[in-house]
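Trainee: The following comprises the amino acid sequence and a computationally predicted model.
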Amino acid sequence: MRGATQAKWAACAVAVALAATACGGGGESGGGGGGGANGIVSSSWGDPQNPLEPANTNEVQGGKVLDMVFRGLKKYDPKTGAATNMLAEKIDTTDSQTFTIKVKDGWTFSNGEKITAKSFVDAWNYGALLKNNQKNAYFFGYIDGYDQVHPASGSARAGTLSGLKIVDPMTFTVKLTQKFSLWPDTLGYPAFAPLPQAFFTDHAGWLAKPIGNGPYTIEKYTKGSSMSLRKWDKYPGDDKAQNGGIDLKVYTDNNTAYTDLIAGNLDLVDDVPASQLKNVKADLGDRYINTPAGIIQTLAFPFYDKKWDTPGGIKVRQGLSMAINRDQITDQIFQKTRTPASDWTSPVLGADGGFKEGLCGAPCEYNAADAKKLIQEGGGIPGGQLKISYNADTGSHKEWVDAVCNSINKVMGNNRACVGSPVGTFADFRSQVSQQKLTGAWRAGWQMDYPLIQNFLQPLYYTDASSNDGKWSNKRFDALIDKANAESDKAKAVSTFQDAEKVLAEQMPVIPLWYQNGSAGYSDQITNVALNQFSVPVYEQIKVK
């Protein structure tokens, strides 16, 4: 999901209106609340690309909010990533293709509306329907009738998914187009969240102030500035908020966020800038978090541009990959908070989950002589220069993009063979990427939506998948993904997904760079701070002194 892309995942040259006192630490920001259980936590943030519709949010900043405001049928354990039942009483199947879902009784939305089977069915139908233009529509692609409500071309031929049937107020069935034994584990992703009737009857009003069913409610949102979330006292789940609320502060430079944290004007920074990694342990001590996460960073290419989609382009991309000194960059720039990538997934999956170290092989290993030779054999860098676009507001991207270009330039013996191309904001950058406006490479990546190897492959590289921004297409890859999804035995499914990944090694549609750790720093005004396996703070567990 989430493009840190995705993934994976924050922010702060704060708008002038956000004076230092407005960023106040502990419980003093965003309207007060004191300390203890009513204390307010202030945290850095980046403005989401899209309105916060669950089926229309596929990037990290919006995902952080959805994780606080919504709960679905499944929830991923913050420590292990395991999918456990949340609103699902049970999910049964006898054939791994038709599933019967019983929704727990006693849950409501924050406006008091009871959550029923219809709350899910209506939401999923909305998310899938072509005219609603939801970025995560493909998540419903396994359900019978998707080709009718969301055809590849032309207008929709149906208004609802034929594979969804309400059995009784708290039960519905889902029929998939094929066997997919792992499908229930995908249901913790926010696209599958239930929606209240207000979403449909007053859509504009709902977008202005979303109503959900999670531990927090949205009190106020000023785009480009801040969002205030407050604890929902009537939340029925067992993961109730341990604080009074979260004030998310938009930053366009996370160095500024870090400075505010050190100055006592901010409680939490969930993306420690690369320039501060040498100082962070001295600055924060045990209040610095560095932990593995399900995130991979990559370089993507525009296959919609013919000069990149050539037979020789494979050698060029493999050569560029070999020209990147990953070990040096992760050591010097990232202070070992990144690990050089040797495949297209993440080590947090483990061997049983699909991670296979070294699957990429030689193209992911630094070799200056072979790199230059491959690039030349492939016809050279299109246009004579590689431009790497990146958003300049979050993620310390300038430092590593410059380092990647320096590595490539050294290999090519040309200090202009590769240059960075900054885009001011994440929202603008993502718009240019998703609208296929870029003509060179761009920084990409993926923060897993759920801990399955399928999630690192299909959304990004399957033909016309919603996060396949470069428009790469390969029939052999697609066929292997389809075969893996249809496999009811998990071990066999994982092995087949790895076969699909070997196609990526042969074709190099994107260049794997490194696996990313989650990093965060926090003030002495809060405790119990942790990042989940998606590198997102477990906001509801944070306590204010």
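Mentor: Everything's here; your move.
Trainee: quick one: low-confidence parts of this structure?
Mentor: Judged by pLDDT under 70, the chain has its weakly predicted residues at 1-34, 395.
Trainee: again, only this time at 50
Mentor: 1-33 (pLDDT under 50).
Trainee: What's the biggest helix in it, counting residues?
Mentor: helix 490-507 (DSSP state H).
Trainee: Residues contacting that one, please?
Mentor: 181-182, 314, 343-345, 352-354, 356, 359-361, 363, 453-454, 457, 461, 472, 474, 476-477, 480-481, 483-485, 487, 510 (CB atoms under 8 Å, 6 or more residues apart in numbering). The way it works is simple: take the backbone N, C-alpha and C, and place the C-beta from them, glycine included.
Trainee: now the strands for the stretch 51-200 of the chain?
Mentor: Taking DSSP state E, counting those that start in this stretch, the strands of the stretch 51-200 of the chain run over residues 74-76, 83-85, 88-93, 98-103, 164-168, 171-175.
Trainee: ok, now which ones touch Ile481?
Mentor: 454, 457-458, 462, 497, 500 are the contacts of Ile481 under CB under 8 Å, 6+ apart.
Trainee: can you pull the contacts of Phe180?
Mentor: With CB under 8 Å, 6+ apart, Phe180 has these contacts: 96-97, 142, 485-486.
Trainee: Can you get me a residue count around Pro51?
Mentor: 16 (other CB atoms under 10 Å).
Trainee: which helices and strands does the following helix or strand past the longest helix of the chain pack with?
Mentor: Next helix or strand after helix 490-507 toward the C-terminus (DSSP states H and E): strand 510-522. Here strand 510-522 touches helix 254-263, strand 268-269, helix 280-284, strand 288-300, helix 313-322, helix 326-332, strand 338-340, going by 3 or more CB pairs under 8 Å, 6 or more residues apart in numbering; DSSP states H and E.
Trainee: circling back: what's the closest of the strands of the stretch 51-200 of the chain to Leu299?
Mentor: Among the strands of the stretch 51-200 of the chain, the nearest to Leu299 by CB to CB is strand 74-76 (28.1 Å).
Trainee: got the contact list for the helix or strand that contains Phe429?
Mentor: Using DSSP H and E, Phe429 falls within helix 426-434. Outside helix 426-434, the residues within contact range by CB under 8 Å, 6+ apart are 3, 5, 11, 46-49, 59, 61, 300, 389-391, 393-394, 423, 437-438, 442, 444, 469.
Trainee: how about the strands of the stretch 301-450 of the chain, start to end?
Mentor: 338-340, 386-391, 418-423, 441-447.
Trainee: Adjacent strands (with direction) for the second one?
Mentor: If you go by DSSP bridges, strand 386-391 pairs up with strand 418-423 (parallel), strand 441-447 (parallel).
Trainee: Quick one: closest of those strands to Leu87.
Mentor: strand 441-447 (23.3 Å).
Trainee: name the helices or strands packed onto the helix or strand following the closest one?
Mentor: The first helix or strand that comes after strand 441-447 along the chain, using DSSP H and E, is helix 453-461. If you count contacts as 3+ CB pairs under 8 Å, 6+ apart, helix 453-461 packs onto strand 441-447, helix 475-486, helix 490-507.
Trainee: Point out the most buried one among the ones you listed.
Mentor: Highest mean neighbour count among these (mean count of other CB atoms under 10 Å): strand 441-447, with a mean of 27.
Trainee: Next, the angle strand 288-300 makes with it.
Mentor: Here strand 441-447 runs at an angle of 130 degrees relative to strand 288-300 (axes from the mean of the first three to the mean of the last three CA atoms, to 10 degrees).
Trainee: For strand 441-447, C-alpha coordinates in CSV please.
Mentor: As requested, the backbone C-alpha atoms of strand 441-447 are provided in CSV (Å, rounded to 0.1, in the frame of the first residue of the first chain):
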residue,chain,number,x,y,z
ALA,A,441,13.7,7.6,-13.0
TRP,A,442,12.2,8.4,-9.7
ARG,A,443,12.6,7.4,-6.1
ALA,A,444,10.0,4.8,-5.2
GLY,A,445,9.4,2.2,-2.6
TRP,A,446,6.8,0.2,-0.8
GLN,A,447,5.6,-0.1,2.7
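Trainee: gap between that strand and the chain center?
Mentor: 11 Å (CA atoms, centre = their mean, to the nearest Å).
Trainee: Could you do stretch 330-339 as well?
Mentor: 21 Å.
Trainee: which residues sit against it?
Mentor: Residues outside stretch 330-339 that contact it (CB under 8 Å, 6+ apart): 272, 274, 277-278, 290, 297, 329, 340, 347, 399-400, 403, 513-517, 519.
Trainee: neighbours of the residue lying closest to Thr527 once chain neighbours are set aside, just the number please.
Mentor: Nearest residue to Thr527, sequence neighbours excluded (CB to CB, 6 or more residues apart in numbering): Lys543, at 5.0 Å. Applying other CB under 10 Å, we find 16 residues neighbouring Lys543.
Trainee: Looks like Lys543 contacts Asn243 (just checking).
Mentor: Yes - using CB atoms under 8 Å, Lys543 makes contact with Asn243 at a distance of 6.3 Å.
Trainee: Find residues that contact each of the two.
Mentor: Counting by CB under 8 Å, 6+ apart, the shared contacts of Lys543 and Asn243 are 37, 39, 526.
Trainee: Tell me the one of those nearest Asn213?
Mentor: Ala37 (21.0 Å).
Trainee: what residues are up against the closest one?
Mentor: 242-244, 543-544.
Trainee: circling back: quick check: which of the strands of the stretch 301-450 of the chain is nearest to Ile166?
Mentor: Closest approach to Ile166 among the strands of the stretch 301-450 of the chain (CB to CB): strand 441-447, 33.2 Å.
Trainee: that older thread, please spell out which residues along the helix holding Phe429 are buried.
Mentor: 426-427, 429-430, 432-434 (16 or more other CB atoms under 10 Å).
Trainee: same check, this time on stretch 276-291
Mentor: Buried-residue list, stretch 276-291, by 16+ other CB under 10 Å: 276-277, 280, 284, 287-290.
Trainee: Now do it: distance to the chain's middle.
Mentor: Relative to its parent chain, stretch 276-291 has a centroid offset of 24 Å by CA atoms, centre = their mean.
Trainee: Ends of it, what's the gap?
Mentor: 17 Å (CA to CA, to the nearest Å).
Trainee: Need the residues that contact it.
Mentor: Contacts of stretch 276-291 (CB under 8 Å, 6+ apart): 255, 258, 262, 272, 334-335, 337, 517-524, 529-531.
Trainee: and those residues, which are buried?
Mentor: Here, 16+ other CB under 10 Å leaves 255, 258, 262, 272, 334-335, 337, 517-523, 529, 531 buried among these.
Trainee: how about those, which pair is most distant?
Mentor: Once CB to CB is applied, the buried ones among the contacts of stretch 276-291 give Phe334 and Ser523 as the farthest pair, at 23.5 Å.
Trainee: Just put the shared contacts of Lys543 and Asn243 in CSV and tack on distance to Pro194 and secondary structure.
Mentor: Shown next, in CSV, are the shared contacts of Lys543 and Asn243 (distance: CB to CB, whole Å; DSSP: H, G, I helix; E, B strand; the rest coil):
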residue, distance to Pro194, secondary structure
Ala37, 27, coil
Gly39, 30, coil
Ile526, 31, strand
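Trainee: how about these in a markdown table, adding distance to Asn111?
Mentor: Shown next, in a markdown table, are the shared contacts of Lys543 and Asn243 (distance: CB to CB, whole Å):
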| residue | distance to Asn111 |
| --- | --- |
| Ala37 | 24 |
| Gly39 | 26 |
| Ile526 | 30 |
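Trainee: coming back round to it: for Asn136, find the nearest of the helices and strands packed on helix 453-461.
Mentor: Closest among the helices and strands packed on helix 453-461, once you apply CB to CB, is strand 441-447, at 14.0 Å.
Trainee: Fine by me, thanks again.
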